[in-house]
Each structure stands twice: as C-alpha cells, then as structure tokens.
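Visitor: just a sequence and a predicted model for now, questions to come.
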Amino acid sequence: MLKEIDRCRSLTGIDRRRFLAGSASLGIAAAVVASTGAAFAQETPKSGGNLRIAILGGGSADTLDANSNVTQPDTARVLGLYEPLRSVRKGGVFENVLAESMEANADATEWTIRLRPDVLFHNGKKLQAEDVAFTFRRVTDPAAPLVGAPGLAPMDRDGLKIVDDLTLRVPMKTPYAIFDEVVADDINLGIVPVGYDPQKPVGTGAFKFESFSPGQQSVFMRFDDYWGEKAYLDSVTIIDSFASDNAAFYALQGGEIDAFAATPLALAKQVQEGGPIKILASEVGQWTPFTMRVDQPPFDNPDVRKAMRLVVDREQIIKIAMSGFAAPGNDVFSRWDGAPDRFKRERDIEQAKELLKKAGQENLTVDLVTADIANGVVTSAQIYARQAKDAGITVNVKQVTPEVFFGEQYLKWPFAQSFWTLKPYLPQVALCLLPNSPYNETHWSDPAYIKLYGEAIATIDPLKRADLISQLQIADFEQGGYIIPSHNRIIDLVASNVNGLSPGALLALGDYNYRKIWLS
Amino acid sequence: MLKFTSAISPLMTLICRRIAFGALTLLILSMLVFFATEILPGDAARVVLGRAANETALQALREQLHLDEPVAARYWHWLVNICTGDFGTSLVNGRPIAELVASRLMNSAVLLVLTTGLTIPLAVGLGVFAALRRGRRSDSFLSVAALVVASLPEFVIGIGLIIVFATVVVQWLPPVSMVPPGTSVFARPLVLVLPTLTLGLVSFPYIFRMIRATMIDVLESDYMEMATLKGLPRWRMTFVHALPNAVAPAIQVVALMLAYLAGGTVMIEYVFGYAGLGQGLMNAIQSRDMPVIQVIVLLLAAFYVLVNLAADIVTILVTPKLRTGTW
C-alpha cells in the first residue's frame, strides 16, 4: 500500500509537473465517454451543493502554493484557486484567461501582456500588471527558483516594466517566441497578488479558500465576485486521505464521495456500464517512456538504441499494462506538434537482430531500473523484458522504491523509466533534451540539435517553427534515447448525479473544471 | 493492623518499582526512537528542501534546525522539549506536531475504547458460556467460529464487511470512515461501526479462547468439586469462585490486545480511510517527517508500556498468591 501512495505522489512527480502550453495544429484530445445513455447529457444546470472529490497521492507535504505544488491533489486544489494568463484547451488550442492579449515584438525579444480588466482577487484586490510581475519574479527568484523557473529563464526579470495598470512589458535576454506558450501553465504559473502568502492563499479562481488539512481534506467555496461565468457548486471538497484506491472506490460506491479523480486504470475495468458510476476518459497523452542514456555503452551506439526500440510490441504493452486506456506511441513525444502520423515504428525483430549484430551486441544484457512511479510503469518494464528476449536481449528488471528511484541515482540510471504529462514540443525539449535541462534523463546533447532548437524558439512564424519542430522530431525518432510505447489516458469515476463534465485536455475531471460541474 | 501493613506495603513497593521500571523503559525507548530516526539516510534539511536543494540553502537550514550540533546535545534538547510538552513542528508543513497528532490520537482512542468496551465483555461472557457447555454443540460452534475468524487477516474481514454492509449486498453503513479534520467522530457515529466491528472480530477470538481454556481448567479443579459437593448455586460457583481465577491469565492477553489496537490498526485505518495515529505515522514515514515519526512512535511505545504496567498490577491484585509473596 505504501507503493500505491508513492506511485500517486510521483505520478505528479516532485517538481516535474509542468506543462506549458501547446501550439498545436492537430486536435487529438478527442475524448471518450464510456457510459450509457444520456449520462453526460446537458439538462438545465442546477446551482448549489458540495462536490466531494477523492484523489490519491496526498500527504503531509501537500501545499496550496500557486507556483510550487508537489502532489497530485495539489494540482486539483490549485486549479480551483488560481488562474494563469493563458490556458491550453482540448486539441492544444490556446485560450486567454487572465491575459487579454500577448504580443511579441518583431524579433521576439520583448513581449507585451495586456490584462483582462475588472478581475478581482479573493481578497478584493483588482488584478493589475504588478501582480503578474510579482508572480514572475516569485517563480524565478534566484535564491529559491520554483517549478516554473526553467520556462521563464530567458526572461529578464529585472527589466519587467509596468506600462499601466493592465499592461506589462517583458523583455527577453534572448529571442523567445514561445513565451505565450510557456505562460499557459495552470499548474505552476497561476497569477498571485503582490505580497502573496501561500498560508493565506488568494487567487482569482472561481473558488476561494475555506480550509485545508494536509493529507486529509481541503474545502473551497464559490467566489461570488468571479469575473467570468460563476460556478454552480456552493463548494468543492477535495479528500486526499485515502491510502488505497479500493477505499476511494468503496466510498464512491457507498455515496460518500461524488468523484474519484485520476483513477488507477485497472480499476476502471471494474465499473460496469449503465451502473450508478460513470467513467470519464480523457485523451490527455501522458507518456511513460523508457529512458536510455545515450552517453553510456551500450546505448551510446545508435544501432543499439534503434534495436531496443524495434523490439517493442506497443499494442501488447497498452493492452496489458495500460488496461487498454492508451494510444500507441512511436518514440516521439508531444503528439499535438509536428506531424505525428509521419512517425510509425512497428515491431521488427529481424531488423533489431541485424542492428545488434552490426553493433557487436548480439547477446546484449542490460539492467532496467523501474519503480511504481505511474500507472502501468512496472508492468510495462516486465512486458518489455519479455518482448526484448525475442531479439536475444536479456533485460533484467530491477524494481526499486520511488524514493530510491528519485534518490541519488535519479537522472543517472543508464536504462530506466519516466513519467511526463503532455507538453508542447519545444517547452518539453527545454525540460529534457538540452544539456542544461533539469530532467535530461537520456543525457542527450547534440550540437546540431541545440542549434535547431535555438532557431525554433526564436522563430515567430508558426509555419517556419513547425518545420523546425519536424526536423527536431526526426532526430528524436531516428536517434533519440526515449522509447515511448504509448500515450496514456486519464480515467475519472464519477457518480451519476455529477453533470457538466467534459474530458480534459491535460488533466483529470475536465482539467479540474469545477466551475462547469453541477449536481442533480 | 500489623498484618494489614505487611500485606499492603510489599504491594505498594512492587507497584512503585514497576512504575520506575516503566519510566526507565520509556527513557531507553526515547533514545532508541531518536537515534533510530537519526541514522536513517538523508538529513532533515534535505527532506525539507527536496530535490531542488542547493548547498547554501542546506547549510542555512541545518543551522536553523540545529543539525550542526552534536547528536547527544540534540537528543537532550529534544527530550527536554518533549517532557515540557513542546513536541516541535512538522518538518514537512511547519505545523505544530501537537496539533497534528491530537485529533488523530483522539480518533484512535475512540476506536480503541469502543472496541475494548464491546469486545472484552462479549469475549469473557461467551468464553465462560463455552467453558460451561464444553463439548456441546454451542461450544463447538463458538470455538470453530473463533478459530475461523482468528485465521483471517484483518483486511480480509474489513473488506468482507464493506462488501456485505456497505457496497454490494446492502448499503446500510458508510464503507469508509471519513472524519473531516476538526470535527469529532461522534458527529457521524455510523462511521465507527465497521472499523469497530472489524477490530472487534480480530481481537475477540484471542480473549475468548483464553477465557474458555482457563475457565475449563478452573472448573475441573478440586476446589470447584468441593464447592459442587457443598451444594453452592451454579451461578455463584461460576462467577464468584471460578471466574476471578480464570481471568488472571487473560489479563495479559487483553494487554497484548490493547497494545495491538493502539499501534496495529494501520491496516484497518488503511482499509477504511480512518484518520487515526497509524495513518499519521504512515504519512510521516512517507514524507520523512522525522519529528512527527518520533512523537508518534514514542506515544505508541508509552501506551504499550502503560498497558503492560497496568496489566501487571491488575494481575497482582486479582491473584492473592502474588500479593502476599515476598517480591
């Protein structure tokens, strides 16, 4: 059971969960609503009520900080309290939230942010440019940088200029054309007022803080001065004291809670169609890759990496490890960007054997370090080991606890696994494929690649940028150290009286869109 | 008069000595708890700062937490603080530990008192009943049932009860025992039913079997035969002459059960999502919250010592032989 908790904690990953925004052309966030009849049909919404949500992974480290959350329940809380400048919606489409507009100058060295007027914080203060500047400075504080800091690194934090109450000018140290994608981060870049104190959390969200007990529960009340369409619910209670998925499932069955967010995938199979519990499946494209260190033998040989990728039977991993709730991945991440259909990798044992022979690694033996860090990860490792056997590769699966996994050896394992939520391509590269990336698991460091990336983030023209992204993705597909078997879904279980939910683009419960939910 | 003092004073000496031993045990325990958590890998500063820790921040925090002081000095500070009622603050969320632990302690205590209050009379009553009807159908039924229940792990019993009473079969009771922080469990007493029932079922068989066995021994003894021959009424024989003698060995079992109920309910709290001490300990361990771990472990250990002390004293009080002996 300890494993269970740890898994959920690391599901969101200490300081790893940033998803910036997606410049996407292709909408793949199509959702599946597996439920009979008019389960999610729209009637006239009814106001009132308290929505009780269970979510696993909480603990004493729980926080309400807008810019530094740790556990999965943290995300659930933060999304109700705070709002970012912009947000990603289904299909990777961007939507302004607190920003009215964001414009770059011709060479992307300066951005101008115009704020929506008449937005109030929970304490009655009006949202102004100074609050955005405060938030940016808070996140990038050199003494204690927060989770969103790497994305804001090109920003000249000392040069932020308040033009008027609602306008902020943001100079960049280097051209940064993707700034408007980076700030679209609900989880880590919620805007907070000047002088913000996480102990007395104040944001602009549709729900305001009522009470909070770490690892137990937190309550949020409807904010009646919310700038947009107000919420139907009177309050939202987030319960994260459940130590096991079974307890939360029983609670849902027994009517003690109304929703179980981000359910373990295997549990969703126990729910029968047409019963009192509905399934909400969101095509959010989380990915759980195998990570090969390209700077260490045997993975320093591109032929070995390719062979390791060719032995994967992706359908089998999805069927067994992900309980079917995933789409095949083809070793390229950020499926909204570029042209994902171009990349297709089928299982080819013969070619894998040939490549290994060429590399002189016919009887390759490797250790694969795994830990219960996300849904299906450990099972995937076991299945992979069996699949690799067909090409003569011996994979010794070494399971460690999440603490050990994320301990001293984290980011140093030669062959391991990882977990990511979906992010747009370039911000994702900044996080994991550059020499100074905070999570360069594969130790990828290629001068030509870095140069291309530099060009891409300085390119404002979306078409030109998409072309550069494609070139980078080709390198990933041919040479990279990631094996990406699948893009995984998120499953929520909700009681039949919960209405107004539609599948989320990135997160559980329609991206924790409490404002739209009503109870019948 | 002389006789009176000579009878009481060794008893008092004994009790005092036992209490002194208990205090000594606690002191040793406090050392064990403190040093055991100290030698765990990784220091507290690293825990607080997480993976993003840098050397300057680590150094500053180490000073703030007095981690740069020698370990003996830190133990002394810690012990003095604990003894003066200052439990410190949680490393992970900076809240006072006393506040974090108090409500959990209360919840666990409620569960413990309820379970004990229901289980002991029932187990003793049925134990006596089974012994009196030894070999008959009712005795066999009770004994077999107790054996079956005793052989089931507690979480199987818990989940079984949930399936029957709360989810699949009927939905009379809440399947989980959510107690909103800051509210009393008695605000919704129904949430107590299933955890109490589970714990009761888990602890019942041991006491029942013990009472039945000792009762059978006593009933077969010479003085009971004598009492029968003297024509004493059966109820008087059972409750006045037999039971007090049968109870003594069972007291130690009850003490063990209480100790188990205090610390061993983690599984039950896990199954029912009950916010007790066990769950608090688990949370603290997962987040490497050393001060909280130390306080909870020390509390559980203190309870263990107290219960055993009480059991010894009660055993002595109900066993005249022990009372008069020279100890």
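Guide: Nice, I can see it. Bear in mind that the values here come from a model prediction, so they are computed numbers and not experimental data.

Visitor: for the spatially closest residue to residue A:390 that is not a sequence neighbour, phi and psi?
Guide: The spatially closest residue to residue A:390, leaving aside those adjacent along the chain, is residue A:349, at 5.1 Å (CB to CB, 6 or more residues apart in numbering or on different chains). Every C-beta, even on glycine, is put in place using the N, C-alpha and C of the backbone. Main-chain dihedrals, residue A:349, degrees, to the nearest 10: phi -70, psi -40.

Visitor: report pLDDT for the most centrally placed residue in chain A.
Guide: Nearest to the centroid of the C-alpha atoms of chain A, with distances taken as CA atoms, centre = their mean, sits residue A:421, at 2.7 Å. At residue A:421, the pLDDT value in this model is 83.

Visitor: okay but it is in contact with residue A:262, surely?
Guide: No: judged on CB atoms under 8 Å, residue A:421 makes no contact with residue A:262 at a distance of 11.1 Å.

Visitor: mind checking the SS state of residue B:23?
Guide: helix (DSSP: H, G, I helix; E, B strand; the rest coil).

Visitor: count of neighbours near it?
Guide: Residues lying near residue B:23 (other CB atoms under 10 Å in any protein chain shown) number 12.

Visitor: how near is it to chain A?
Guide: To chain A, residue B:23 is 31 Å away according to CB to the nearest CB, to the nearest Å.

Visitor: distance of that residue from residue B:87?
Guide: Noted for residue B:23: a distance of 19 Å to residue B:87, by CB to CB, to the nearest Å.

Visitor: again, but for residue A:206
Guide: 38 Å.

Visitor: got it, and residue B:300?
Guide: For residue B:300 relative to residue B:87 (CB to CB), the value is 14 Å.

Visitor: check what pLDDT the residue nearest to residue A:390 gets.
Guide: 95.

Visitor: show me what contacts it?
Guide: A:310-311, A:390-391 (CB atoms under 8 Å, 6 or more residues apart in numbering or on different chains).

Visitor: so which of those residues belong to strands?
Guide: Per DSSP state E, strands hold no members of those.

Visitor: give the ChimeraX command for selecting the buried subset of the residues you listed.
Guide: Remark: buried members of the contacts of residue A:349, expressed as a ChimeraX selection using 16 or more other CB atoms under 10 Å in any protein chain shown:
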select /A:310,311,391
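
Visitor: residues in the stretch 101-250 of chain B within reach of chain A, list them.
Guide: B:159, B:162, B:166-168, B:171, B:174-176, B:178, B:180-182 (CB under 8 Å from any CB of the partner chain).

Visitor: can I get the buried part of those as one ChimeraX selection?
Guide: One line in ChimeraX is enough to select the buried members of those, burial here meaning 16+ other CB under 10 Å:
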select /B:159,162,166,167,174,175,176,178,180,181
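
Visitor: out of the residues of the stretch 101-250 of chain B next to chain A, who's nearest residue A:189?
Guide: residue B:181 (29.4 Å; CB to CB).

Visitor: got the contact list for residue B:169?
Guide: Counted by CB under 8 Å, 6+ apart, residue B:169 has contacts residue B:163.

Visitor: gap between residue B:185 and chain A?
Guide: For residue B:185 relative to chain A (CB to the nearest CB), the value is 14 Å.

Visitor: okay, that residue: pLDDT?
Guide: 81.

Visitor: residue A:368 too?
Guide: 96.

Visitor: and stretch A:92-108, what's buried?
Guide: So stretch A:92-108, judged by 16+ other CB under 10 Å, has buried residues A:92-94, A:96-99, A:102, A:104, A:108.

Visitor: which of these fall within strands?
Guide: A:93-94, A:96, A:99, A:102, A:104.

Visitor: mind picking the two most distant members of the residues you listed?
Guide: The widest separation within these (CB to CB) is 19.1 Å, between A:93 and A:104.

Visitor: what bridges to residue A:416?
Guide: Counting by DSSP bridges, residue A:416 forms beta bridges with residue A:291.

Visitor: let me know the pLDDT of it.
Guide: pLDDT, residue A:416: 96.

Visitor: got it, and residue A:228?
Guide: So, for residue A:228, pLDDT stands at 92.

Visitor: am I right that it is in contact with residue A:120?
Guide: No: counting by CB under 8 Å, residue A:228 stays clear of residue A:120, with 11.4 Å between them.

Visitor: now do the residue nearest to residue A:390 against residue A:299, distance only.
Guide: From residue A:349 to residue A:299 the distance is 19 Å (CB to CB).

Visitor: same thing with residue A:335?
Guide: Taken as CB to CB, the span from residue A:335 to residue A:299 is 24 Å.

Visitor: which of those two has more residues huddled nearby?
Guide: residue A:335 (25 against 20).

Visitor: give me the secondary structure label for the more buried one.
Guide: Going by three-state DSSP: residue A:335 is coil.

Visitor: now the closest residue to residue B:85 other than its chain neighbours: which helix or strand?
Guide: Counting by CB to CB, 6+ apart, residue B:98 is the residue found nearest to residue B:85 once chain neighbours are left out, at 7.7 Å. When elements are assigned from DSSP states H and E, residue B:98 belongs to helix B:97-132.

Visitor: okay, buried residues for that helix please.
Guide: Neighbour-count burial for helix B:97-132, counted by 16+ other CB under 10 Å, picks out B:97, B:100-101, B:103-108, B:110-112, B:114-116, B:119-120, B:123-124, B:126-132.

Visitor: same thing with stretch A:465-477?
Guide: A:465-466, A:468-469, A:472-473, A:475-477.

Visitor: for stretch B:19-37, same thing?
Guide: For stretch B:19-37, by 16+ other CB under 10 Å, it's B:22, B:25-26, B:29-30, B:33-34, B:37.

Visitor: tell me, how many residues neighbour residue A:358?
Guide: 13.

Visitor: who's in contact with it?
Guide: residue A:303.

Visitor: sweet, I'm off.
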